[in-house]
Structure formats: C-alpha cells, structure tokens
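1. would you be able to build a 3D model of this:
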Amino acid sequence: MPVKIRLQRHGKKGKPFYWIVAADARSKRDGKYLEKIGTYNPNTNPAVIDLDIDGAVKWLQNGAQPTDTAKAILSYKGVMLKNHLLGGVAKGALTQEQAEEKFQVWLDEKEEKIEAKKVGLTQAEADAKAKAFAVEVKVNQDRLAAANEAENAAVKAEADAKAAAKAATEVVEEKAPESIDDAQAAASEEGKTA
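-> Okay, the predicted model is just below:
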C-alpha cells in the first residue's frame, strides 16, 4: 500500500486550513487517512505550522512519499534533516548524540530567523501606521488652514459688504436733500403753471 504524506484541506472558503496527514495514495484528498501528523495555517504571516516531527520521520523511514508542498513544509520544520541525520546514524557515520546536537543547532538557528522575521513584520507594520498617522495629521492641518482661510475670507467679504452698504447709504443721504429740494421746486413750478 503506497503511503503519501500530504495536505488535507479544512477551513472555510477563502480561509484554508490544512491537516498534514499520512494517507493511502489511492484515497481522496479529504478522505480517510492513516495518521494526522500536524497542521498548517497559511492565513497568518508567518504561517503557523504545528508538526509532530518524530511521527513524520517515522513515516518517512517506513517509505511514505511526501507531496511537493508537504515536502517543503517538512523541510521547513527540519523533518527532512532529521531523517537524513538518522540515516547517517544507521550507517554509522554519526552517533545519536551528534545527530541530536546538529539538529538542535539547526532548530535554534531556524527559531532566530523566524523571530527576526516576526520582529521585522511588527516593525514594518508600526512604521506603516506611523506614516499613515503623519499623513492624516497633515491632511487635518491642511483642512483646518483651508477652513480658517475660508472663514477669514467670509468675514472680510462681510465687512466689505457692510462698508459698501454704509458708503452707499451715505451717498444716498448726501444726494437725498438735493433731490428733495429739486423735487419740491419742481412740484412748486408745476403748481404755478397749473
């Protein structure tokens, strides 16, 4: 019975979540499996992989063939390296302690890389938020300046309109006595002629 280590899709539409399983190669993608080895969540950054390393190595040593994606995940978590080191132990090239030491050194380096990536992502997110906040503050300042300018222009226009109305009233008042006198004179002349 050919065994494959592959991904079994779960989750909802647009949000996949995978189980890493050892299954008969002839079974359906989401069908029966022999053993669940771990999970893979690609929805987060960095992706969350929870894997039983010893269980995966056991299946690899028993002849299970990983699919391409499963092989990349197993390699990322160190399963392929541990399988390789155990092959060296079986041939006598290494002792069990040396193999465990090499694997632990590799795991420590991998953890440092993952932490550096998380810190970098957090820093990038904080920088993006700070930049967006600075842009928003500048936009708000520009809006306030434009509003103050428009308010000052409206006050000045109102003052100009009042001054123009006052000047027009003064002109009318100056001309009004003359025109009243002219109107009375014209009325008296009309009365004389009539």
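
2. quick one: the helices in the chain?
-> Ranges of helices in the chain, per DSSP state H, are 53-61, 68-77, 79-91, 96-193.

3. could you dump those helices into JSON lines with distance to P2, mean pLDDT and mean neighbour count added?
-> The way it works is simple: take the backbone N, C-alpha and C, and place the C-beta from them, glycine included. Output for those, formatted as JSON lines (distance: least, C-beta to C-beta, whole Å; pLDDT from 0 to 100; neighbours: other C-beta atoms under 10 Å):
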{"stretch": "helix 53-61", "distance to P2": "12", "mean pLDDT": "92", "mean neighbour count": "18"}
{"stretch": "helix 68-77", "distance to P2": "14", "mean pLDDT": "92", "mean neighbour count": "17"}
{"stretch": "helix 79-91", "distance to P2": "18", "mean pLDDT": "89", "mean neighbour count": "17"}
{"stretch": "helix 96-193", "distance to P2": "28", "mean pLDDT": "82", "mean neighbour count": "10"}
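
4. select, out of those, the one closest to Y40.
-> Set against Y40 and scored by C-beta to C-beta, the helices of the chain come closest in helix 68-77, at 5.9 Å.

5. what does the closest one contact?
-> Helix 68-77 is touched from outside by 4-7, 20, 40, 49, 51, 53, 56, 60, 66, 80-81, with contacts defined as C-beta atoms under 8 Å, 6 or more residues apart in numbering.

6. now with 7 Å, please.
-> I5, R6, L7, I20, Y40, I49, L51, I53, A56, P66, M80 (C-beta atoms under 7 Å, 6 or more residues apart in numbering).

7. what pairs with the residue nearest to L7 when sequence neighbours are not counted across the strands?
-> Among residues not flanking L7 along the chain, Y18 sits closest, at 4.2 Å (C-beta to C-beta, 6 or more residues apart in numbering). Using DSSP bridges, the beta-bridge partners of Y18 come out as R9, Y40.

8. ok, Y18 - contacts?
-> L7, Q8, R9, H10, T39, Y40.

9. now which of these would you call buried?
-> L7, Q8, T39, Y40 (16 or more other C-beta atoms under 10 Å).

10. how near is the last one to P16?
-> Y40 sits 9 Å away from P16 when distances are taken as C-beta to C-beta, to the nearest Å.
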